[in-house]
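S.K.: sequence? don't have it. structure:
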Ligand SMILES: Nc1ncnc2c1ncn2[C@@H]1O[C@H](COP(=O)(O)OP(=O)(O)OP(=O)(O)O)[C@@H](O)[C@H]1O
């Protein structure tokens, strides 16, 4: 996946080359992505917008290595993702990427603190260290008074802030967010989006956000539209 970019020989943190995805729809091929190219450099923030059904979530799944393309390749810091077996891809994903979804996907039987600490514990790091990192992050997202709350005891905006803290706890170089504010009212959407921007900025993390909200999208470095299976800069 090596290439020389406009910024020199720096390796992109995330890239897609000629990505295609074709589903079989009642036996007939349905082309959703048709040669998508994308290069995201360290610390760069990119919005992906597009009509409903244009393939935004499909693309994010491929970029996250969660689904295989019909053709093309995805690279994480220069490593071809689909050349790896599933176990190796999983390990690399854990190191390279954080995910934030429209719905929080927090584990209901764990507290906010435990939910955020889990990805760090999964790396077999000491529990006390994981809990300390989680506490610091939850404080940063304004939830220091909610550490012991279970997801069912939190508001929608609070749950999304916990989900962001969880995605950041391993300090991955790149965050993928699929409609992170799609389930929130305007005021909460603003707050959550602002958090995503400020937390990634201070850490120099790259951010790729799929959003319906053009106003939020316009606050990122680049805005790309998925149209007829291709990504177009606007
Ligand atoms: N497993 C599948 N099999 C067949 N078609 C699929 C499959 N998954 C998604 N699709 C179709 O692919 C298209 C793109 O879906 P996708 O969820 O990526 O769109 P999207 O741009 O994220 O939409 P939205 O903005 O509404 O969330 C849709 O027409 C969807 O019906």
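M.R.: Received it, and whenever you're ready, just let me know what you need. In this text the structure is predicted, and so the values were computed from the model without any measurement.

S.K.: Around the ligand, pick out the residues from this protein.
M.R.: Contact residues (Cβ under 6 Å from any ligand atom) of the chain with the ligand: 23, 25, 30, 32, 50, 52-58. Every residue, glycine included, has its C-beta placed from N, CA and C.

S.K.: out of those residues, which is most surrounded?
M.R.: Ranked by the number of neighbours (other Cβ atoms under 10 Å), these place residue 55 first, at 25 neighbours.

S.K.: Give the burial count for the closest residue to residue 179 other than its chain neighbours, as a bare number.
M.R.: Of all residues not flanking residue 179 in the chain, residue 102 sits nearest, at 4.0 Å (Cβ to Cβ, 6 or more residues apart in numbering). For residue 102, the neighbour count with other Cβ under 10 Å is 18.

S.K.: What's opposite the residue sitting nearest the centre point of the chain in the beta bridge?
M.R.: Closest residue to the average C-alpha location of the chain: residue 176 at 1.2 Å, with Cα atoms, centre = their mean. On DSSP bridges, the residues paired with residue 176 through beta bridges are residue 99, residue 208.

S.K.: Quick one: find the helix or strand in the protein with the lowest mean pLDDT.
M.R.: Taking mean pLDDT, DSSP states H and E as the measure, helix 214-217 is the helix or strand of the chain with the lowest mean score, a mean of 88.

S.K.: what phi and what psi does the backbone show at the residue lying farthest from the centre of the chain?
M.R.: No residue in the chain sits farther from the centre than residue 27, which is 31.8 Å out by Cα atoms, centre = their mean. Main-chain torsions, residue 27, degrees, to the nearest 10: phi 90, psi -20.
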